[in-house]
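S.K.: this one's structure only:
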């Protein structure tokens, strides 16, 4: 399918600019560029209140619908940014919208970033934050039986590995996982890295340079660096995987669906046509971004209804 009109405009501007590479940026420029991209997110959802708190060294930003009940289902959200950028500023527009449309409490996590903090810093923060939300569910105002782990790109990776760590620990498991074009394979094994690796704004270099900074002393085949290849996916909760047609990560998302299904996980996967990596954050220019927001909100609501 052809690129969506608004996304095609972004791609053509990127190509006309000479396909600027993240390799030519220092880390501060890269992070600032990500924040600047929020102008493409669409209108700010104001029917939500935001609160910030820090527990055990982890900072959480919580988004709640106005006049919400004291206890709500929760979404623990891990932001994308290739392990090196991103945070509350880059994802607030989407998380406000998600809280409003899902009628859930969305709890965003600020995990440590590379190159200042390398593996397993982000993984440890992701696991610890999930356990803190579960432990202090009353303080967060969440129903601990209705917690979803969700994330985009590197955040999708962290959501998956966190669920695997929680399964191994045996204390609790989330109700479901929603993985938005997750980074899963640090070896860049799949053909979509070649097919979609140069022209579509978030390039092969962008993704692999993130791995390079986060995994400088870690083998790319490490089971928490490349969780796609693990054989212990069985026993994970219901999982929904979102892929994008023109994403370097498209093939590995589809492969995860196959591997999870083979290992008995209740898993679904949807490839969104005409869009690129990062489209979830492009609601101001992409109809698919607006549609996927409603789709994820519906999935959150469906799990909530099942648990009533």
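M.R.: Great, that's in hand. Bear in mind the structure is a predicted one, so any value in this text is a computation, not a measurement.
S.K.: residue contacts, residue 127?
M.R.: Residue 127 sits next to 161, 162, 165, 166 when contact means CB atoms under 8 Å, 6 or more residues apart in numbering. Every residue, glycine included, has its C-beta placed from N, CA and C.
S.K.: quick one: least confident helix or strand in the chain?
M.R.: In the chain, the helix or strand scored least confidently by mean pLDDT, DSSP states H and E is helix 287-306, which has a mean of 88.
S.K.: quick one: it to chain centroid distance?
M.R.: Offset of helix 287-306 from its chain centre (CA atoms, centre = their mean, to the nearest Å): 15 Å.
S.K.: quick one, helices of the stretch 151-300 of the chain?
M.R.: With DSSP state H, counting those that start in this stretch as the criterion, the stretch 151-300 of the chain has helices at 154-169, 192-195, 204-214, 250-262, 287-306.
S.K.: mind putting the ones you listed into a markdown table with mean neighbour count?
M.R.: Shown next, in a markdown table, are these (neighbours: other CB atoms under 10 Å):
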| stretch | mean neighbour count |
| --- | --- |
| helix 154-169 | 23 |
| helix 192-195 | 18 |
| helix 204-214 | 21 |
| helix 250-262 | 20 |
| helix 287-306 | 17 |
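S.K.: as JSON lines, the ones you listed with distance to residue 222 would be great.
M.R.: Formatted as JSON lines, the helices of the stretch 151-300 of the chain follow (distance: least, CB to CB, whole Å):
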{"stretch": "helix 154-169", "distance to residue 222": "11"}
{"stretch": "helix 192-195", "distance to residue 222": "19"}
{"stretch": "helix 204-214", "distance to residue 222": "11"}
{"stretch": "helix 250-262", "distance to residue 222": "16"}
{"stretch": "helix 287-306", "distance to residue 222": "29"}
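S.K.: shaky segments in the stretch 1-150 of the chain?
M.R.: Under the criterion pLDDT under 70, no range of the stretch 1-150 of the chain is flagged.
S.K.: which residues in it form helices?
M.R.: Assigned helices in the stretch 1-150 of the chain, in chain order: 5-16, 27-36, 88-102, 121-135, 137-140 (criterion: DSSP H, counting those that start in this stretch).
S.K.: okay, buried residues for stretch 113-122 please.
M.R.: 113, 114, 117, 118, 119, 120, 121, 122 (16 or more other CB atoms under 10 Å).
S.K.: and the third one, how far is that from residue 155?
M.R.: In other words, residue 117. Look at residue 117 and residue 155: by CB to CB, to the nearest Å, they are 16 Å apart.
S.K.: try residue 83
M.R.: Distance of residue 83 to residue 155, given as CB to CB: 9 Å.
S.K.: same thing with residue 224?
M.R.: As defined by CB to CB, residue 224 lies at a distance of 15 Å from residue 155.
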